[in-house]
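Student: attaching a predicted model along with its sequence, questions to come.
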Amino acid sequence: MADVLKVESLSVYYEKNEAVKDISFSAEQGKLIGIIGPNGAGKSTLIKAILGLEKALGKVTVLGKSVKDVREKISYVPQRNQIDWDFPVLVEDVVLMGRFTHIPWYKKAGKKDHLVVTESLEKVGMLDFRKRQIGELSGGQQQRVFIARALAQHADLFFLDEPFVGIDVTSEEIIIHLLRELRNEGKTVFVVHHDLSKVEQYFDELLLINKELVEFGQVKEVYQPDILSKTYKGSIQLFGANENIMVVSD
C-alpha cells in the first residue's frame, strides 16, 4: 500500500533541550497506529511538529506533498485540556468548523456542509445535542463532538492526542469503533495513547518513542517486554499473558 506519511530526521528543540530527536518513519494508508511512550517522551510534540504547529528540523511529506499543500487532507484532535470549553459555541458550530477547509473564504456554509455536520454528529451519537453549548456536555460527549468535527473534514490522515483520557466507557467504545471504520475506509489514523493494556486490542501498528524513535511496526512484533523496557527505561512485569503490563522504573 502507498505511504500516506513520510517523516525524515524530524527534531524539535526548546532552547537547548531536544524534545524530539531525529525521528524518521513512514506510514501506509489504511492503518490504525498507536503512539506510546512515557510522560515527557515527546508524543504530542511529534504530532505538532508533523503538522507544522511546532518549529522543527527535518522533512514531512503527506501524500507526497508538503503539509501546507494538503492541509485539508489532515485532521487533528488536540488534548481536551488544550481547549477552552467555556467559549460560547454550539455543538453543531464546532462540527461545522471541520468544513472550513472546504469552504472558500468568500462563501458561507452550504446545504452540503450542513448535511455533513448532521451525518457526523449522527455517527458519534450526538445529533440530539446539536443545539447545546459545548461547555454543557460531559467529557466523553465533548470528545465525541471533536471526533465529529474531524469526520466532517473528510480527511485522509488523522491525528488524535489522548482521545480516551477522562471519558466514559460508552464514548470510548463509540470512538474506537469510528476509528476502525476510518481505517477500513483506507484512512490512516494516529492516536497518542497511554493505556498499555489496550494497545493489542486497538491498534494495527505501534510507534514507540522516548524523544527518539525506539521502534515502529506491527503490534505483535513491537509490543514486547524488551522493547517496552527500552521505551520506558524501566523493567517490565507482565500479567495474564501480555494482557496487562506494568512498567517499573529503574
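Tutor: Yep, it's here. Numbering: from 1, shown residues only.

Student: where do the strands sit along this structure?
Tutor: 3-14, 17-28, 32-36, 57-62, 65-66, 74-77, 157-161, 188-192, 205-210, 212-218, 234-239, 244-249 (DSSP state E).

Student: okay if I get these as TSV plus mean neighbour count, distance to residue 51 and mean pLDDT?
Tutor: Every residue, glycine included, has its C-beta placed from N, CA and C. TSV is the format used below for the strands of the chain (neighbours: other Cβ atoms under 10 Å; distance: least, Cβ to Cβ, whole Å; pLDDT from 0 to 100):
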stretch	mean neighbour count	distance to residue 51	mean pLDDT
strand 3-14	17	11	94
strand 17-28	16	13	94
strand 32-36	24	13	97
strand 57-62	16	8	95
strand 65-66	11	12	93
strand 74-77	22	6	93
strand 157-161	23	7	95
strand 188-192	24	11	96
strand 205-210	23	15	96
strand 212-218	17	18	96
strand 234-239	13	30	60
strand 244-249	13	28	54
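
Student: where's stretch 162-170 relative to the chain centroid, distance-wise?
Tutor: The chain centre lies 13 Å from the centre of stretch 162-170; the measure is Cα atoms, centre = their mean, to the nearest Å.

Student: any buried residues in stretch 43-60, and which?
Tutor: By neighbour count on 16 or more other Cβ atoms under 10 Å, the buried set for stretch 43-60 is 43-51, 54, 56, 58, 60.

Student: can you check stretch 96-108 too?
Tutor: For stretch 96-108, by 16+ other Cβ under 10 Å, it's 96, 98, 99.

Student: got the contact list for the second one?
Tutor: If a contact means Cβ atoms under 8 Å, 6 or more residues apart in numbering, then residue 98 has 75, 116, 117, 120, 148, 149, 150, 151, 152, 153 as its contacts.

Student: could you find the closest non-adjacent residue to it?
Tutor: Spatial nearest neighbour of residue 98, chain neighbours left out: residue 152 (3.4 Å); criterion: Cβ to Cβ, 6 or more residues apart in numbering.
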